[in-house]
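Q: got a predicted model here, sequence first, then my questions.
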Amino acid sequence: MQKILVGIKRVVDYNVRVRVKADGSGVATDGVKMSVNPFDEIALEEALRIRERGEASEVVAVSIGPEEAQQQLRTALAMGADRAILVKTEHPIEPLTAARVLLAIVRKESPDLVIVGKQAIDDDCAQTGPMLAALWERPQATFCSKLEIRGGTAVIVREVDAGLETIEIDLPAVISADLRLNEPRYVKLPDIMKAKKKPLDVLELGSLGISAEPGLRPVRTEAPQPRSKGVMVKDVAELVSALRKRGLA
Amino acid sequence: MSKILIIAEHDGQRLNQATARCVTCARQIEGGEVTVAVFAAAPGPVAAQAAALAGVAHVVTVEGAHNAHALAAVLAPQVAALAAGYTHVFGASTTTGKDLMPRVAALLDVPQISDAMAVEGPYRFKRPTYAGNAIVTLEAPPARKVVATVRTASFEAAGPGGSATLRAVTLAVPLPTHTRFVTVTAASSDRPDLASAAKVVSGGRALGSKENFQLIFSLAEKLGAAVGASRAAVDAGYAPNELQVGQTGKIIAPELYVAIGISGAIQHLTGIKDARTIVAINKDGEAPIFEVADLGLVGDLFTILPELEKSLAN
Ligand SMILES: Cc1cc2nc3c(=O)[nH]c(=O)nc-3n(C[C@H](O)[C@H](O)[C@H](O)COP(=O)(O)OP(=O)(O)OC[C@H]3O[C@@H](n4cnc5c(N)ncnc54)[C@H](O)[C@@H]3O)c2cc1C
């Protein structure tokens, strides 16, 4: 296998408790810590392991986002990606748009495998992988927790509601990474230095002839209904009697 | 008028309750007509169950050996073809629906609404983002088809009392052979199903081992509850992956949720926010789980659980 493409999204760090803006226009992101979407780190880690096993020769990281997404691509390069591509847009884009952009990159790069995270932890959509597979008319393996390349095919274990499902797919294909696929490596300082010299191409979304205009209009964003305050019980006896009062035990 | 097509989820024998929840969501679209589509090798029994759901007007079946397993790549072109006569196409926010529906949406060249949690109008829906910490209202263009997955925890299951018409259709669409089902290892089914159980007992990292996690199974048994787990407990191998509750596991809405030795990370809480009563047992009185708990008990689970079981037996 020649090439693996990995999707890298810049998102609000998973440790941040987001605040909804008072005017209902969205979530406050000024001064908030941004990171690589955790599932994309797992996707990248898997691509690197495939390359390190000698089953692929190049790993290309692709991000769609603002100028600052270069930081996340530098992280990807420091982890071990060979080069990176930023498709720049200042507008938040929908998964269908992301899939169209990735398809355009796929057409240029002809990868044998595309690995993305199963969902981004900001919009929680879980759409980009399967949408890309549909547009590309290639197989998809979502929620992947184990991956084995066997020549022109891959055997994938998927985490599904019932348990674990195994499927076999022909390559090229799109895979979406689940939590237990691997544990991403930590980036070391020398790797960060080395990453600075790796190629990072920047192109404008518009240059691909794709519109950033969303198909779904955001009407407003609001905070969820808070739960009403509960009570502390002092011991098991109190707990059991409270449960019985509610008809729960 | 809205015509809503719901893609049934099933195991070949039984209709998944998630589909009945989608029906409830679809019925909230005023003046909508609900059709359930059953793709299967032998759709008969599942179609009959779907036809008996209150509020379902029609059931269409698409029979074929290629539909024996829910492979998104094989189903999506069929669903896209069937969608021609409908304004909306819904699937459940299960792993099957999340796999299939975006592929359908892309084939139809429309965006998808993931995890619809409230219907504000035929083209207006609410959905959670940021692990449920920001709720977004979205409006889809009325001129296009609406493709959505339904957040099952937000809707009750439709009850019996329906008598839908049944119709078998054949779809002449080329199907890919590039994706092949191999096997599925399903958990033992003698326990209540986590996704639909009225009561759930969950254990976290604090259990410390697979052996100790039996304490959770044992308490669940006493309460007639399903078992859940935090990501940490699943990652550590104390519990299988299908028991994970949270942003990236199952989103559930039981009457009772008991969190034992679980800290209450936002990724976990988003999976249980709709539970009627949350009970937390944790030795750390400052644990964030207590911020959402209706009943909290501070203490060591290894002393509390045996006592609790004994008390429940009385
Ligand atoms: C991208 C992403 C997705 C994630 N998705 C999910 C998800 O879907 N579901 C999920 O659960 N997590 C998810 N997580 C992980 C989440 O952030 C937490 O790490 C995880 O929920 C912690 O699990 P825990 O509460 O069991 O463990 P811990 O946070 O370690 O908590 C253990 C708790 O047990 C208590 N304790 C210890 N000993 C005892 C004792 N003897 N008696 C009583 N209490 C005791 C401690 O006080 C502590 O509060 C995700 C994380 C990321 C980054």
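A: It's in.
Q: from here on, contacts and neighbour counts on C-alpha atoms
A: Will do.
Q: what's next to the strand or helix carrying A:Val6, contact-wise?
A: If you go by DSSP states H and E, A:Val6 is part of strand A:3-7. Defining contact as CA atoms under 8 Å, 6 or more residues apart in numbering or on different chains, one finds that strand A:3-7 is touched by A:40, A:43-44, A:47, A:56-63, A:106, A:110-117.
Q: try it again at 6 Å.
A: Contact with strand A:3-7 is made by A:44, A:56, A:58-63, A:111-116, as judged by CA atoms under 6 Å, 6 or more residues apart in numbering or on different chains.
Q: separation between the closest residue to B:Ala158 other than its chain neighbours and B:Ala51?
A: Excluding the flanking residues, the one nearest B:Ala158 by CA to CA, 6 or more residues apart in numbering or on different chains is B:Ala20, at 4.9 Å. For B:Ala20, the distance to B:Ala51 equals 11 Å [CA to CA, to the nearest Å].
Q: who has more neighbours, these two?
A: Using other CA atoms under 10 Å in any protein chain shown as the criterion, B:Ala20 and B:Ala51 rank with B:Ala20 on top: 29 against 24.
Q: surely the more buried one forms part of a helix?
A: Yes: under DSSP: H, G, I helix; E, B strand; the rest coil, B:Ala20 sits within a helix.
Q: was I right about it contacting B:Glu156?
A: No: taking CA atoms under 6 Å as the definition, B:Ala20 is not a contact partner of B:Glu156, at 7.9 Å.
Q: direction included, what does the next helix or strand after the strand holding A:Val6 pair against?
A: Going down the chain from strand A:3-7, the next helix or strand is strand A:10-12, by DSSP H and E. Strand pairing for strand A:10-12, using DSSP bridges, gives strand A:34-36 (antiparallel).
Q: the helix or strand following the strand it pairs with packs against which elements?
A: With elements assigned by DSSP H and E, the helix or strand that comes after strand A:34-36 is helix A:38-52. Packing partners of helix A:38-52 (3 or more CA pairs under 6 Å, 6 or more residues apart in numbering or on different chains; DSSP states H and E): strand A:113-117.
Q: how far away from the center of its chain is the following helix or strand past the strand it packs on?
A: Per DSSP H and E, the first helix or strand lying C-terminal to strand A:113-117 is helix A:128-136. In terms of CA atoms, centre = their mean, to the nearest Å, the centre of helix A:128-136 is found 14 Å from the chain centre.
Q: between the helix or strand following helix A:128-136 and helix A:128-136, how many degrees?
A: For helix A:128-136, the following helix or strand on the C-terminal side (DSSP H and E) is strand A:140-150. Relative orientation of strand A:140-150 versus helix A:128-136 (axes from the mean of the first three to the mean of the last three CA atoms, to 10 degrees): 80 degrees.
Q: buried residues of strand A:140-150, list them for me.
A: Within strand A:140-150, the residues that count as buried by 16 or more other CA atoms under 10 Å in any protein chain shown are A:140-147, A:149.
Q: direction included, what does that strand pair up with?
A: strand A:153-160 (antiparallel), strand A:173-177 (parallel).
Q: can you dump the C-alpha atoms of it in CSV for me?
A: Provided in CSV are the C-alpha atoms of strand A:140-150 (Å, rounded to 0.1, in the frame of the first residue of the first chain):
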residue,chain,number,x,y,z
GLN,A,140,-16.6,2.1,4.8
ALA,A,141,-15.8,0.6,8.2
THR,A,142,-17.1,2.8,11.0
PHE,A,143,-16.3,2.5,14.7
CYS,A,144,-13.2,0.4,14.0
SER,A,145,-11.5,-1.1,17.0
LYS,A,146,-9.2,-3.5,15.1
LEU,A,147,-7.7,-3.4,11.7
GLU,A,148,-5.7,-5.9,9.7
ILE,A,149,-4.5,-5.3,6.1
ARG,A,150,-4.4,-8.4,3.9
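Q: touching the ligand at all, that strand?
A: No: Strand A:140-150 lies out of reach of the ligand by CA under 6 Å from any ligand atom, never closer than 12.7 Å.
Q: could I get the average pLDDT for that strand?
A: Model confidence over strand A:140-150 averages 97 on the pLDDT scale.
Q: identify the residues contacting it?
A: Contacts of strand A:140-150 (CA under 6 Å, 6+ apart): A:118, A:133, A:154-159, A:173-178, A:180-181.
Q: chain center to that strand, what's the gap?
A: The answer for strand A:140-150 is 15 Å, by CA atoms, centre = their mean.
Q: same thing with stretch B:284-294?
A: 26 Å.
Q: one more: stretch B:23-41?
A: With CA atoms, centre = their mean, you get 16 Å for stretch B:23-41.
Q: with just CA atoms, put that stretch into CSV.
A: Output in CSV follows, covering the C-alpha atoms of stretch B:23-41 (Å, rounded to 0.1, in the frame of the first residue of the first chain):
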residue,chain,number,x,y,z
VAL,B,23,-41.8,6.4,15.2
THR,B,24,-42.7,8.6,18.2
CYS,B,25,-40.3,11.2,16.9
ALA,B,26,-41.8,11.0,13.4
ARG,B,27,-45.3,11.4,14.7
GLN,B,28,-44.4,14.7,16.2
ILE,B,29,-44.2,16.1,12.7
GLU,B,30,-47.6,17.5,12.3
GLY,B,31,-49.7,15.9,9.6
GLY,B,32,-46.9,13.4,8.8
GLU,B,33,-47.5,10.0,7.5
VAL,B,34,-45.1,7.3,8.8
THR,B,35,-43.8,4.4,6.8
VAL,B,36,-41.4,1.8,8.2
ALA,B,37,-39.0,0.1,5.7
VAL,B,38,-37.7,-3.4,6.6
PHE,B,39,-34.7,-4.6,4.7
ALA,B,40,-34.0,-8.3,5.5
ALA,B,41,-33.4,-11.7,4.1
